[in-house]
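S.K.: Dropping a prediction and its sequence here:
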Amino acid sequence: MALKAKSRSTLFDKLSPIVGDEEVVDDLLAQFPARDIDEPITRDHMRAEFATFRGEVAAEFAAVRGEVAAEFAAVRSEVATEFAAVRSEIGALRAHTDQQFERVRTDVARQIADAHRQTVTWLLAVAGIVVTVNLAALGAAVAILR
C-alpha cells in the first residue's frame, strides 16, 4: 500500500525526534512505496520465488549427492582392489611358507632316519662285541673246565 506524501511527511516529522536520526527514519520510510506502482512484494510472489529457490537448492543438493556417491564408489573400488592385492600377496606368502615348512619336515625326517640308522648300526656293533666277548669268555670257561 502506497503512502501519500502528506502521510510520509507526518511520519517523518513525528518519528525523527523519537529515533534521533533522520537517515534511519528515511530508510524506514523507503520500505513503503511512494506510488501505487511501487507496491511491496506480495506473499504469492514471495512464495513463488521461494519455491523456485527451493527447487534450485534441491537440484544443487542432488548434484552434490551424486558427486559424493560417485566419489564413494570410486573409493570403495580402490579399497576393494587394494584388499584383493593384499589377499593375493598373503596367499603367495602362505604358499611359500608352506613350501618352506615342507622342506623343514623333509629335512628333519631325513635326519631322524639317519640318526636311527646310525643308532641301529652302533647297537648292532655293540651287540656283536658283546656276543664276541661272551663267546670268548664261554670258550675260555670251557677250556678251563676241560
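M.R.: Thanks, I have the structure now. Residues are numbered from 1 along each chain as shown.
S.K.: shaky segments in the protein?
M.R.: Applying pLDDT under 70 to the chain flags residues 1-3, 33-40.
S.K.: Quick one: the helices in it, in order.
M.R.: 5-19, 22-30, 43-145 (DSSP state H).
S.K.: Mind putting the ones you listed into a markdown table with mean neighbour count?
M.R.: For glycine as for every other residue, the C-beta is placed from the backbone atoms N, C-alpha and C. Compiled in a markdown table, the helices of the chain are given as follows (neighbours: other Cβ atoms under 10 Å):
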| stretch | mean neighbour count |
| --- | --- |
| helix 5-19 | 12 |
| helix 22-30 | 13 |
| helix 43-145 | 10 |
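S.K.: what sits against L28?
M.R.: By Cβ atoms under 8 Å, 6 or more residues apart in numbering, L28 lies in contact with L15.
S.K.: quick one: it and E22, what's the gap?
M.R.: L28 sits 11 Å away from E22, going by Cβ to Cβ, to the nearest Å.
S.K.: do the same with L29
M.R.: 10 Å.
S.K.: Give me the common contacts of those two.
M.R.: F12.
S.K.: Centre-most residue in the protein?
M.R.: Geometric centre of the chain, nearest residue: V79, 7.8 Å, by Cα atoms, centre = their mean.
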